[in-house]
Each structure stands twice: as structure tokens, then as C-alpha cells.
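Chemist: below are the sequence and a predicted model; questions follow.
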Amino acid sequence: MKKQTWLVLLGTLLVPAIACASTNFDLQKIGDGVYAVIVKPGNIVGSNGAVIINKDDVLIIDTHYRPSMAAELMAEVKKLTPKPIRYVVNTHWHNDHTQGNEAYVNAFPNVEYLSHVNTRRDIIAKAIPSIKDSLATLPADIQRREQAAAALTDAAAKTRAMAEIADRKLYLSELQKMQITLPTLTFDHSMILHRGDREIQLLYFGRGHTAGDVVTYLPKEKILIAGDLITNGIPNYRDSFPAEWTATLKGVSHLDFETLVSGHGPVQTGKSQMLRLITFMDDMVGQVRKMANEGKSFDEVKASLDLSKHKDGLAGFQPPLGNEVAVKRTYDEAKGLIP
Ligand SMILES: [Zn+2]
């Protein structure tokens, strides 16, 4: 094995020590006063975040999908520091990153919510309306799961199913009174916070996973908190802008960082995962756009596209396309169907 390969493997396997663990999160110390909030598997939609403890205050990145999870994180932060939470960053509008917002202003009335201007717009236009959709579909989903759980004979499977049902019931009760607090400070390119001797850069490199993905970069600590612009495997393309996403990620990859916290999955060390993802995206976008421009239908594209060579290291990759939603979104974008 080449030395370089060992280094990549070593980088991928280095796991920071767990500072504390609650029901839904592990807090991993990744720098002086900087913690990755890594959600444990088993939630309906678990998303990661981060805690940055500054000289006089605390900044939180992303608020998970229900206020009780934000409150749970607040309780963990309280064990680490008596300093007040002053800032909450929303990396993008998706409900699993914003629905806990209200918990912070309830506990800290002076808290400011920071996001890209497009994220504030999309919380209003998309995240808040989608709560109604969830309220309409969740009761039937719970009922279906209860019927399925009743028929289970394996004790362990039944316990797991009942825990998932309890989680959904809790989610439903919180959704019924949920008000997503909107960002109070927005920007269109960058915002830099100087807190004591810590510099926190909030940077926008363009559209990608959504129209308003912001990364948080700590230059001195060489830490990047990237939201869902990058995940452990193939990210969610549902609301994405695939061609721009590749360019956006290339911009992010030029930052000088050693530790990366992504919106889903474990803490990463180094850039290997990001570069692997860029290579996949470049190939997918290039091939799909070429075929779309030649006039091929989506079914024809699907039939002739094979991205299987990118399978290794991208969790959830389903050969031959990797992810059909990603390919469809890329095709629609090439055809000018995405505004
Ligand atoms: Zn997302």
C-alpha cells in the first residue's frame, strides 16, 4: 500500500474523542472550544451541527428537526460553559436543520439567527409550508407503522419499531405547535464574526445542495463546518442545482482546513471525501448534460449512463447511476427546467 493511501485511510479513520453524549447526540471536541454535534442513528431525520464557544458567548450551527432536540443540545452546552448562546447559524433552509430554531430565542431572547439571504427566503417559501404537509401525512404513517409493529414476532425488531413510532409521535406533537424562527441577520456573500481572538467566517460559494448553503470556516483552527454541501456518501439532490454545486464545492475545497463536519455522517479529516465527491459530480454532470444536449430523453440517459466506477467510498451508491434523483435533477437542470 502506498504511503499516500495509508495517510488517506488514517485521515478517514481518526475519530475525535467524544466530549459528552446525550440521547440524540455525541459532542466531539474538534478544537479549542469547538465541538461537532453528531446525531446518533435512529432519528427520523438526524442532522449534525456544531457548537463554538467564544470568549464571551456561544455560536450554534443548525438546530435539528424539532425544538426538543435543540433544547437537548442546549442542556449539553450548559455542561460545557455558562456563557450565553448569542448566535445561531442556519446552513440552509431544510427542515431538519431549522425546525429547532425557536428553542434558542425562547431561552436566549437576544440571540441572532444568521443565514444566507436565500435561506431566509426559502424558510418562508418552503420550510414553513412543508410543516403542513408533514402534519397531513404523519398520522397515517404512524398508524401504518403501528399496524406493522403489531405483526412483528422478533422481539428486537419490535422494540426498534416501537422506538421509531415513539419518536414520530413526539415529532408530531412538536410539529403541531411549531413556529420556525426566521433568520434575523442575512448576507449574500460572507460575514465574519470576531469574537475575542476567534475569527468565524460564514461563507457562500454559490448554489449547491440548496440556493443558500453557507459554510462556517475557522481559519486558525483549520475547521470547516459544511452543512449538507458535503456528506459521507452521495448527498441529497432533491432541491439542488447540480452543475453549480460542483463549482461551489470546488471553491470550498480551496479553503485550508483539516477537520470537516458535514450535515450528515461522521467527522472527516482532510479533503479526500470532498475530492471524491467532486470527481463523481464532475463526471455525472458532464455525461448527463452532454446526453441531454444531444436530445436524449431521461430514460435514454438512464439506460446508457454507468457511474459505477465511483462506487467505492460513497456511502449509499446504487449502481449503475449512484442515485437516480441526482441524475434526474441534473437532467432537468440541463433542460432548463429548474429556475
Ligand atoms: Zn439539507
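Modeler: All right, it came through fine. Numbering: from 1, shown residues only.
Chemist: next up, the contacts around the spatially most central residue of the chain.
Modeler: Nearest to the mean C-alpha position of the chain, by C-alpha atoms, centre = their mean, lies residue 263 at 2.6 Å. Applying C-beta atoms under 8 Å, 6 or more residues apart in numbering to residue 263 gives the contacts 47, 48, 62, 91, 97, 226, 227, 228, 229, 230, 231, 235. From N, CA and C alone the C-beta is placed, and that goes for glycine too.
Chemist: now, which of the residues you listed lie close to the ion?
Modeler: Filtering the contacts of residue 263 for neighbours of the ion using C-beta under 5 Å from the ion leaves residue 228.
Chemist: save the contacts of residue 263 as JSON lines, and put in pLDDT, neighbour count and secondary structure too.
Modeler: Formatted as JSON lines, the contacts of residue 263 follow (pLDDT from 0 to 100; neighbours: other C-beta atoms under 10 Å; DSSP: H, G, I helix; E, B strand; the rest coil):
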{"residue": "47", "pLDDT": "91", "neighbour count": "27", "secondary structure": "coil"}
{"residue": "48", "pLDDT": "95", "neighbour count": "29", "secondary structure": "coil"}
{"residue": "62", "pLDDT": "98", "neighbour count": "29", "secondary structure": "coil"}
{"residue": "91", "pLDDT": "98", "neighbour count": "30", "secondary structure": "coil"}
{"residue": "97", "pLDDT": "96", "neighbour count": "29", "secondary structure": "helix"}
{"residue": "226", "pLDDT": "97", "neighbour count": "27", "secondary structure": "coil"}
{"residue": "227", "pLDDT": "97", "neighbour count": "32", "secondary structure": "helix"}
{"residue": "228", "pLDDT": "97", "neighbour count": "24", "secondary structure": "helix"}
{"residue": "229", "pLDDT": "97", "neighbour count": "25", "secondary structure": "helix"}
{"residue": "230", "pLDDT": "94", "neighbour count": "29", "secondary structure": "coil"}
{"residue": "231", "pLDDT": "89", "neighbour count": "23", "secondary structure": "coil"}
{"residue": "235", "pLDDT": "92", "neighbour count": "26", "secondary structure": "coil"}
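Chemist: run the chain-centre distance for stretch 18-31.
Modeler: How far stretch 18-31 lies from its chain's middle: 17 Å, per C-alpha atoms, centre = their mean, to the nearest Å.
Chemist: from one end of it to the other, what's the distance?
Modeler: One end of stretch 18-31 sits 12 Å from the other (C-alpha to C-alpha, to the nearest Å).
Chemist: what residues sit buried inside it?
Modeler: The neighbour-count check on stretch 18-31 (16 or more other C-beta atoms under 10 Å) flags 19, 24, 25, 26, 27, 28, 29, 30, 31 as buried.
Chemist: can you list those in TSV and add secondary structure and pLDDT?
Modeler: Converted to TSV, these look like this (DSSP: H, G, I helix; E, B strand; the rest coil; pLDDT from 0 to 100):
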residue	secondary structure	pLDDT
19	strand	69
24	coil	86
25	strand	89
26	strand	91
27	strand	94
28	strand	96
29	strand	97
30	strand	97
31	strand	97
